[in-house]
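Student: Have a look at this prediction, sequence included:
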Amino acid sequence: MGFRKAIIVIAVSLTLTSNTQGGYVDLYRDAGYKHKLSRIEDVETDACYSFACDALDNTITSAKWGSLPEKTDKGEDAMIAFYTDRTCQSHKIWWQVKTQSDDDLHFPSNFRLDGINDDISAFMVWNKKKTVGTSGWVICTTEAEVIGAQNASFSSASGNGSATGTNYTIGYL
């Protein structure tokens, strides 16, 4: 009976950890990674990150990411997708996450070339390919803030000072 319980505990643990968390996504207003709008940290796989304010929604022209999981649970290449709606269902375009590790980094430097410039409203890192997330985050931030989805906190620095506090611009769907 002890062996059976151990197997059940392992199976439950694997299920609970299937939504991997870590890494970041940087979003930029202009082509060539200019004018950073936001950094979303502690990104969860299979969760829809929806842009809920005018500062982000339909303003993104380029993006970079790092430290995201490069393989799915099945050992396939993980993907990051960008969507033109806030529910991660409409017109998407995706890249392999492993772009972050390639010698020739091929991040999307100009979404205009993909036909979705200033039309992006959400993104998702896929663990289960092309799965619409059942959960997600609503994001609204300024360029000076760093969003941590894990604890919904921010840090903001300007000039010689800095501040930290509770962030009310991110919410769980």
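Tutor: That came through fine.
Student: what ranges do the helices span in the chain?
Tutor: All helices of the chain, identified by DSSP state H, fall at 2-16.
Student: What segments of it are strands?
Tutor: 24-30, 34-41, 47-51, 62-66, 79-83, 92-96, 122-126, 135-139, 145-148, 153-158, 161-166, 170-172 (DSSP state E).
Student: wait, which of those strands is closest to Leu105?
Tutor: Comparing the strands of the chain against Leu105 with Cβ to Cβ, the closest turns out to be strand 62-66 (8.0 Å). C-beta: built from backbone N, CA, C; applies to glycine.
Student: quick check: angle from the closest one to strand 122-126?
Tutor: With axes from the mean of the first three to the mean of the last three Cα atoms, to 10 degrees applied, the angle from strand 62-66 to strand 122-126 works out at 30 degrees.
Student: Quick check: neighbours of strand 62-66 in the sheet, parallel or antiparallel?
Tutor: With DSSP bridges as the test, strand 62-66 is paired with strand 24-30 (antiparallel).
Student: hmm, who's touching the strand it pairs with?
Tutor: For strand 24-30, contacts defined as Cβ atoms under 8 Å, 6 or more residues apart in numbering pick out 33-43, 49, 56, 59-68, 80, 123, 125.
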